[in-house]
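>>> Here is my input; please provide its structure:
(one chain, ligands or ions: 1)
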Amino acid sequence: MTALSVSQVTKRFGATTALAGIDLRVPDGSVTAVLGPSGCGKTTLLRLVAGFGDPDGGTIDFGAERVFGPGRSVPAQRRRVGYVPQEGALFPHVDVAANIGFGLPRAERRSAGRAAELLDLVGLDASLARRFPHQLSGGQQQRVALARALAPRPSLVLLDEPFSSLDAGLRLNTARAVVEALRANRTTALLVTHDQNEALSLADQVAVMAAGRIAQTGTPQGVYASPGNPTVAAFVGAAVFMPAVVTGLTASCDLGELAVRPGSPQGEARLLVRPEQIRLLAAADGDKNQNENQNENQNQHESQDRNENEERNEERNKERNKERNVVVGRVTEVRYFGHDATVQLRLDRSGRTVTARVPGRQLPEPGTRVRLSITGPVTAFPPH
Ligand SMILES: Nc1ncnc2c1ncn2[C@@H]1O[C@H](COP(=O)(O)OP(=O)(O)OP(=O)(O)O)[C@@H](O)[C@H]1O
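Next up, the predicted model:
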């Protein structure tokens, strides 16, 4: 298989700039997910790589071979690209074996061996070879579509939202089976999707696209944990943004004093907190009483022993600082998803609304007040 390099590729359709200078490298034998909102240019990029149309500028290389560049455009049929579209890719009037054999040389087309091998690769039983597409589930059809794309041993496989027509359960299983098959075959693949979970859970590399450009490329963990800007941050997962002032490695905001990553911009900033970083602690009202009792006891003790006055004052200051960093909010909404839940809270201090993602076991009732704490460092962006 071959690495793909796209460099400074541009494409306009009349007044619309579909691609504004794309740079992307897909390493040999790996799967890159292109993730982006509707209309950002994902399909256009895939079509130009396949050779279904020429860019206005830039270069496209398959390994050492330039397939598009100044004065050069290798036709689609000579690029040896496998294409898996959204749905309806199979010929309805011929069986699975014939569908898979479509792209094979004549001699191989008659051999049942290659079709069986490909069915096995995509995790389907060889007995399905004689069925017609309408006798398969949607997920099975998409696996056959991949088997057909892989049959002529392409240099590259392009998948354009191949799972979007499948329902949730089937979608995940099919997506996993398809990516396992791509990996087993050491296929270089570009998978277009607008589903963040799909991109993050399946791909070796995620390229986030926005308005005709690649906004960021990296490993799924890298893009999620260290997004380059707020647009990427919001596109790869749920995000809570809030204003803050950063001094050194600490950000001061409505959620208290939070640790920020090294190298964060200083001064006024826009903080990104992931909902799973917000932890809910014990109910706030009970805690408040306990704190008041503790303070009263401390006061009595201080009046008994004046010599320890200074020491006590210091402790009280520390306690006050701690209290200042205790963030309390009232639960306004709870959404239960089985494996976890989201809890929306209105912060006492500012009235700002934040959303926490918590395990679905012990959920607070709407209306109760809870204390919050933030785990792990948060990301700071410049304020605008
Ligand atoms: N043949 C065309 N003629 C005119 N405009 C086009 C054409 N193809 C795409 N566009 C425009 O180019 C932009 C990018 O379209 P594209 O289909 O690549 O986006 P996309 O990210 O794949 O969107 P979606 O997720 O909705 O499929 C859009 O504004 C679209 O309207």
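>>> C-alpha from now on. contacts and neighbour counts both.
Noted.
>>> What is the neighbour count of the residue lying closest to residue 337 once chain neighbours are set aside?
Nearest residue to residue 337 in three dimensions, chain neighbours excluded: residue 360, at 7.3 Å (C-alpha to C-alpha, 6 or more residues apart in numbering). Other residues near residue 360 come to 14 when the count uses other C-alpha atoms under 10 Å.
>>> got it, and residue 197?
The criterion is other C-alpha under 10 Å. On that basis, residue 197 has 13 neighbouring residues.
>>> Let me know the secondary structure of it.
Per DSSP: H, G, I helix; E, B strand; the rest coil, the local secondary structure of residue 197 is helix.
>>> Quick check: it vs residue 206, distance?
11 Å (C-alpha to C-alpha, to the nearest Å).
>>> wait, the residue nearest to residue 337 sits on residue 338?
Yes. With contacts counted by C-alpha atoms under 8 Å, residue 360 reaches residue 338, the gap being 6.0 Å.
>>> returning to that earlier point: give me every residue that touches the residue nearest to residue 337.
In this structure, residue 360 makes contact with 336, 337, 338, 339, 340, 341, judged by C-alpha atoms under 8 Å, 6 or more residues apart in numbering.
>>> Which pLDDT value belongs to it?
Looking at residue 360, its pLDDT reads 85.
>>> Roughly how far does it sit from residue 334?
Taking C-alpha to C-alpha as the measure, residue 360 falls 10 Å from residue 334.
>>> Over to residue 127?
Using C-alpha to C-alpha, residue 127 is found at 48 Å from residue 334.
>>> Can you give me the pLDDT of the residue in the stretch 151-300 of the chain that the ligand sits nearest to?
Using C-alpha to the nearest ligand atom, the closest approach of the stretch 151-300 of the chain to the ligand is made by residue 194 at 6.5 Å. The score at residue 194 is 85. That number is its pLDDT.
>>> Ok, residue 304 next?
54.
>>> so who does residue 253 touch?
242, 243, 244, 245.
>>> at 7 Å what do you get?
Residue 253 sits next to 243, 244, 245 when contact means C-alpha atoms under 7 Å, 6 or more residues apart in numbering.
>>> For residue 282, see how far away it is.
Using C-alpha to C-alpha, we find residue 253 at a distance of 21 Å from residue 282.
>>> which ones are touching residue 210?
Contacts of residue 210 by C-alpha under 7 Å, 6+ apart are 36, 37, 40.
>>> Let's see that with 6 Å instead.
With contact set as C-alpha atoms under 6 Å, 6 or more residues apart in numbering, residue 210 has these partners: residue 40.
>>> same question, the one 3 residues further on
Shown in contact with residue 213 (C-alpha under 6 Å, 6+ apart): 20, 22.
>>> ok, it to residue 22 distance?
5 Å.
>>> what about the helices in the stretch 201-350 of the chain?
Shown for the stretch 201-350 of the chain, the helices assigned by DSSP state H, counting those that start in this stretch span residues 220-225, 230-235, 284-304, 309-324.
>>> what's the least confident stretch among those?
Among the helices of the stretch 201-350 of the chain, helix 284-304 carries the lowest mean pLDDT (a mean of 45).
>>> Poorly predicted segments of the protein, please.
Per-residue confidence of the chain (counting by pLDDT under 70) places the weak regions at 1, 88, 110-112, 284-311, 313-325.
>>> What residues does it have near the ligand?
13, 18, 37, 38, 39, 40, 41, 42, 43, 44 (C-alpha under 6 Å from any ligand atom).
>>> neighbours around the first one, how many?
Just to be clear, that refers to residue 13. Quick note: residue 13 (other C-alpha under 10 Å) scores 9 neighbours.
>>> Buried only: go through the contacts of residue 360 for me.
336, 341 (16 or more other C-alpha atoms under 10 Å).
>>> In CSV: the contacts of residue 360, plus distance to residue 121.
As requested, the contacts of residue 360 are exported to CSV (distance: C-alpha to C-alpha, whole Å):
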residue, distance to residue 121
336, 38
337, 34
338, 33
339, 32
340, 34
341, 37
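>>> Max pairwise distance over the contacts of residue 360: which two?
The two members of the contacts of residue 360 with the most space between them (C-alpha to C-alpha) are 336 and 339, at 8.2 Å.
>>> Ramachandran angles for the closest residue to residue 170 other than its chain neighbours?
Excluding the flanking residues, the one nearest residue 170 by C-alpha to C-alpha, 6+ apart is residue 139, at 6.3 Å. With angles defined as degrees, to the nearest 10, residue 139 sits at phi -70, psi -40.
>>> Could you report the separation of residue 139 from residue 121?
In terms of C-alpha to C-alpha, residue 139 sits 15 Å off from residue 121.
>>> Run through who's touching stretch 10-25.
4, 5, 6, 7, 8, 9, 41, 55, 56, 57, 212, 213.
>>> for that stretch, the distance to its chain's centre please.
23 Å (C-alpha atoms, centre = their mean, to the nearest Å).
>>> on that earlier part again, out of the residues of the chain next to the ligand, who has the most neighbours?
In terms of neighbours by other C-alpha under 10 Å, the residues of the chain next to the ligand top out with residue 42 at 28 neighbours.
>>> That one and residue 86, how far apart?
Taking C-alpha to C-alpha, one finds residue 42 at 13 Å from residue 86.
>>> Next: residue 80.
Counting by C-alpha to C-alpha, the gap from residue 80 to residue 86 is 20 Å.
>>> Please apply the same query to residue 207.
19 Å.
>>> who has more neighbours, residue 127 and residue 334?
Counted by other C-alpha under 10 Å, residue 127 and residue 334 do not tie: residue 334 has more neighbours, with 18 against 10.
>>> Which member of the contacts of residue 253 is positioned nearest residue 69?
Nearest to residue 69 among the contacts of residue 253, with distances taken as C-alpha to C-alpha, is residue 243, at 45.5 Å.
>>> Alright, I will stop here.
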